[in-house]
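*Asks:* Need coordinates for the below:
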Amino acid sequence: MTDGIVVPLLDCKNGAYIDALLFERIDIDFAREADSAWAAHVRAAQDFARDSGLAIPTAEPEGWNWEAKVERSGNLISMPTLAITYQGEKQGMMALLTDGRRCRLPGHESKSLVYVRYLATAPWNLPEFGSRFRGVGTVLMRAAVQVSIDVGFKGRIGLHSLPKSERFYECLGLSPMNHDPDTQNLKYYELDEANVGSFIAGG
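*Replies:* Numbers count the residues shown, from 1 in each chain. Okay, the predicted model is just below:
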């Protein structure tokens, strides 16, 4: 693990920002600990809802098994992984691909981009599981843009979105494209380099 970079997250309980840490490479032990903590939180929330006669919350399956995701990356330069922690708790993780992907936006098809393979926030940061901190996904997406800048792709990124996350990416300013039949019919999004400055600035 590299040294962490201080990043802001909003504490939903008191409305104040806290200093979390962004790490630029996840190891297998880190991912295994996150998988265990996240799964335990989901089980506890589901058990509480069941015992209380409430609707049982569910989690997206793509958010799990980060140990396997990190193991597949093999610490390859072309497959960076990132994570955010606060006081030792794993708040979110991301896996990227920096090689072999091209833009799909009209007029940009020959340009390379960074592809966001996976992005997940800890379940306790989701509305159905507690809404502890806000901003995890945004911080990770800005980190992905920075990776794109660092490798010479001028901030261009692309990704396929789970249905419940489409509004999030559109609010960030990514351009929606067609649903992709080769990727579970998920909608595809890209960030154009012309919008990178406002994206990083939060505009």
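
*Asks:* Every contact and neighbour count from this point should use C-alpha atoms.
*Replies:* Fine.

*Asks:* Tell me, how many residues neighbour S198?
*Replies:* By the measure other Cα atoms under 10 Å, the count of residues near S198 is 11.

*Asks:* ditto for N75
*Replies:* Residues lying near N75 (other Cα under 10 Å) number 15.

*Asks:* can you check R117 too?
*Replies:* A count of neighbours around R117, defined by other Cα under 10 Å, yields 16.

*Asks:* Could you name the helices and strands sitting against the helix or strand where it lies?
*Replies:* Per DSSP states H and E, R117 falls inside strand 114-121. Packing partners of strand 114-121 (3 or more Cα pairs under 8 Å, 6 or more residues apart in numbering; DSSP states H and E): strand 89-97, helix 136-150, strand 157-161.

*Asks:* okay, these in a markdown table with mean neighbour count, distance to L172 and mean pLDDT next?
*Replies:* Below are these laid out as a markdown table (neighbours: other Cα atoms under 10 Å; distance: least, Cα to Cα, whole Å; pLDDT from 0 to 100):
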| stretch | mean neighbour count | distance to L172 | mean pLDDT |
| --- | --- | --- | --- |
| strand 89-97 | 23 | 17 | 96 |
| helix 136-150 | 21 | 8 | 96 |
| strand 157-161 | 25 | 12 | 96 |
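
*Asks:* can you redo the ones you listed as JSON lines with distance to Q184?
*Replies:* Listed next are the helices and strands packed on strand 114-121 as JSON lines, based on distance: least, Cα to Cα, whole Å:
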{"stretch": "strand 89-97", "distance to Q184": "19"}
{"stretch": "helix 136-150", "distance to Q184": "22"}
{"stretch": "strand 157-161", "distance to Q184": "9"}
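
*Asks:* May I have the phi/psi pair for K187?
*Replies:* Here is the backbone geometry of K187 (degrees, to the nearest 10): phi -70, psi 140.
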